[in-house]
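[1] sequence first, then the predicted structure:
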Amino acid sequence: MRQPSPPADNQAHDAPADAPQSPSRRQWLGMAGALSLGAALLPLGAGAWAAVPPAALPAEQLKRFHALSQLLTGREHLDADLSARVLTLLTEAEPAFPQQAEALGQALARAGIAHIKDYPGSPVEQDATHKKTAMAIISAWYLGYTGTPKSGVPTDDTRFVTYTGALMFEPTADATVIPTYARGGTNYWQHPPAHLAAD
């Protein structure tokens, strides 16, 4: 007696109509690719944004550094969180930096320098160590990052502080916009300029 042949792979196997379907080979490949890409980018994201928490630095030290940053930049209103981030990242790069910043602050106080306009040409500026410390702080605030970017290499010692908060954009803020940002804000193009609307 002839036995019935088993059903082919592409035929139904008496599964319920609402049973979940197994992913196809194409779907498996797509999921595997997405997971691989995510795993590859995860270290990059963590390295680009992670930093020593500001809480790891004493509150009084952060307060003194914030005042030092205000003096060196000539700005009364600086973001305290960004100030903590600047000190944190500079300390990551140079563990002795908090002590160097404290020494700079004390030297400025001894010299009676209470504003950045009195700093150029002063004995404090002429001290190579103090000048290096001051420039590291000023550069971080104006450029929005610490360290030195290097082209042509996969990694360097630069660390991100802020983009829109970088002080380098302030001098021309009335005439130019921060690159990639629209002067009129999101969807500014939906409304015609005032002079066109009045014509």
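    Great, that's in hand.
[2] hey, let's count contacts and neighbours off CA atoms from now on
    Fine.
[3] where along the protein do the strands fall?
    145-146, 159-160 (DSSP state E).
[4] just put these in a markdown table and tack on distance to residue 120.
    Below are those laid out as a markdown table (distance: least, C-alpha to C-alpha, whole Å):
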| stretch | distance to residue 120 |
| --- | --- |
| strand 145-146 | 22 |
| strand 159-160 | 28 |
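[5] just name the most buried of the ones you listed.
    Across these, averaging neighbours per residue (mean count of other C-alpha atoms under 10 Å) puts strand 145-146 on top, at a mean of 23.
[6] what lies in contact with it?
    The contact list for strand 145-146 (C-alpha atoms under 8 Å, 6 or more residues apart in numbering) reads 86, 89-90, 136, 139-140, 157-162.
[7] try it again at 7 Å.
    Residues outside strand 145-146 that contact it (C-alpha atoms under 7 Å, 6 or more residues apart in numbering) are 89-90, 140, 158-162.
[8] could you do stretch 167-177 as well?
    Residues from elsewhere that reach stretch 167-177 (C-alpha under 7 Å, 6+ apart): 141-143, 178, 183.
[9] so which of those residues wins on neighbours?
    Compared across the contacts of stretch 167-177, residue 141 has the highest neighbour count, 24 neighbours, by other C-alpha atoms under 10 Å.
[10] quick one: pLDDT of residue 198?
    Here the pLDDT value assigned to residue 198 is 61.
[11] brain fart, residue 177
    For residue 177, pLDDT reads 76.
[12] measure it to residue 91 for me?
    From residue 177 over to residue 91 the distance is 32 Å, taken as C-alpha to C-alpha, to the nearest Å.
[13] tell me where the chain has helices.
    With helices called from DSSP state H, the chain shows them at 25-49, 59-73, 80-93, 97-110, 123-126, 128-143, 194-198.
[14] put the alpha carbons of the fifth one into PDB.
    Taking C-alpha atoms only, helix 123-126 is exported to PDB below (Å, rounded to 0.1, in the frame of the first residue of the first chain):
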ATOM      1  CA  PRO A 123      52.900  88.900  36.100                       C
ATOM      2  CA  VAL A 124      50.300  86.100  36.300                       C
ATOM      3  CA  GLU A 125      50.100  86.000  32.500                       C
ATOM      4  CA  GLN A 126      53.900  86.000  32.200                       C
END
